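Participant: Sequence first, predicted model second:
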Amino acid sequence: MRAHMLLKNKGTEYETINVGGDENLWEEMESKSGRNTVPQIFIDDYHVGGYDDLVAHNRSGQLDKLLEITE
């Protein structure tokens, strides 16, 4: 929910993919991220990480740069 709020406050559109009930989606998420926790956040093909990583990107200004690339 916190990741949703941060992205919403940035005015960013995003897609949520619920991997919890789908073993294949979970495995795909693990394969792409190298992690087995949710959320895992991607901007296009760039793996940001989890919520704490998203906040770190935001604090450093990197998140705004990543979002500019995708607009």
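Facilitator: Yep, that arrived. Quick caveat: nothing in here was measured; it's all calculated off a predicted structure.

Participant: This structure: helices as residue ranges?
Facilitator: 2-9, 23-33, 51-60, 62-70 (DSSP state H).

Participant: If you count neighbours, what's buried in the longest one?
Facilitator: Of all the residues in helix 23-33, those buried under the rule 16 or more other Cβ atoms under 10 Å are 29, 33. Yep, even glycine has a C-beta here, placed from its N, CA and C like the rest.

Participant: Return the most buried member of the helices of the chain.
Facilitator: Comparing the helices of the chain by mean neighbour count (mean count of other Cβ atoms under 10 Å), helix 51-60 ranks first with a mean of 15.

Participant: same for that one, what does it pack against?
Facilitator: helix 2-9, strand 41-43, helix 62-70 (3 or more Cβ pairs under 8 Å, 6 or more residues apart in numbering; DSSP states H and E).

Participant: Report the angle between the longest one and helix 2-9.
Facilitator: The one in question is helix 62-70. Following axes from the mean of the first three to the mean of the last three Cα atoms, to 10 degrees, one obtains 60 degrees for the angle between helix 62-70 and helix 2-9.

Participant: Make CSV out of the helices and strands packed on helix 51-60 and add distance to D52 and mean pLDDT.
Facilitator: What follows is those, written out as CSV (distance: least, Cβ to Cβ, whole Å; pLDDT from 0 to 100):
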stretch, distance to D52, mean pLDDT
helix 2-9, 10, 96
strand 41-43, 10, 96
helix 62-70, 13, 89
